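Okay, predicted coordinates and the sequence, questions at the end:
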Amino acid sequence: MGALYGVAGVAHAADCLAGPSDLLALAGAPPFYELPALGQAFALLWCLSGPAAYACARVGGRVADAGLVQYGVIECAGAGAAAAAYGGASLPNALAVQAVVAAAWVFSNGRDSE
């Protein structure tokens, strides 16, 4: 999952910085360059949290787990902030993604002990 988050962070950065900010638009937010400075900073933190999760995954163990958690917390906090500021269903969607990630984590941890 850390590798997937790493790729997602890079893709989110490309979408925000060079693209049309499709993911922000899906959350009901304006394009990256129209966000207030705090919104831009948080969006960049979200983008960087993907590669951070990947780096943590390379270490393994509890560090890898912490990388997944930090990404999920940042993503859900950002989705909640976007929902509060602009409306939309970004928070339930982010929570649903994190539920899938948690289920995959539980499944993969159970497989390690077999």
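Noted; the coordinates are in hand. Residues are numbered from 1 along each chain as shown.

ok, now which ones touch A55?
Listed by Cβ atoms under 8 Å, 6 or more residues apart in numbering, the contact partners of A55 are 2, 6, 67. For every residue, glycine as well, the C-beta is placed using N, CA and C.

centre of the chain versus the longest helix along the chain, how much separation?
Assignment by DSSP state H gives helix 61-86 as the longest helix of the chain. Centre-to-centre, helix 61-86 and its host chain are 6 Å apart (Cα atoms, centre = their mean, to the nearest Å).

Okay, buried residues for it please.
64-65, 67-69, 71-72, 74-76, 78-79, 81-83, 86 (16 or more other Cβ atoms under 10 Å).

next SSE after it?
helix 90-112 (DSSP states H and E).

Convert the C-alpha atoms of that following helix to CSV, please.
What follows is helix 90-112, C-alpha atoms only, in CSV (Å, rounded to 0.1, in the frame of the first residue of the first chain):
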residue,chain,number,x,y,z
SER,A,90,-15.2,14.3,-0.2
LEU,A,91,-15.1,13.2,3.4
PRO,A,92,-17.2,10.0,3.1
ASN,A,93,-15.3,9.1,-0.1
ALA,A,94,-11.9,9.5,1.7
LEU,A,95,-13.2,7.5,4.6
ALA,A,96,-14.3,4.8,2.3
VAL,A,97,-10.9,4.6,0.7
GLN,A,98,-9.2,4.4,4.1
ALA,A,99,-11.6,1.6,5.1
VAL,A,100,-10.5,-0.4,2.0
VAL,A,101,-6.9,0.3,2.9
ALA,A,102,-7.5,-0.9,6.4
ALA,A,103,-9.2,-4.0,5.2
ALA,A,104,-6.2,-4.7,2.9
TRP,A,105,-3.8,-4.2,5.8
VAL,A,106,-5.7,-6.6,8.0
PHE,A,107,-5.8,-9.2,5.3
SER,A,108,-2.1,-8.9,4.5
ASN,A,109,-1.1,-9.1,8.2
GLY,A,110,-3.2,-12.2,8.6
ARG,A,111,-1.4,-13.7,5.5
ASP,A,112,2.0,-13.0,7.0
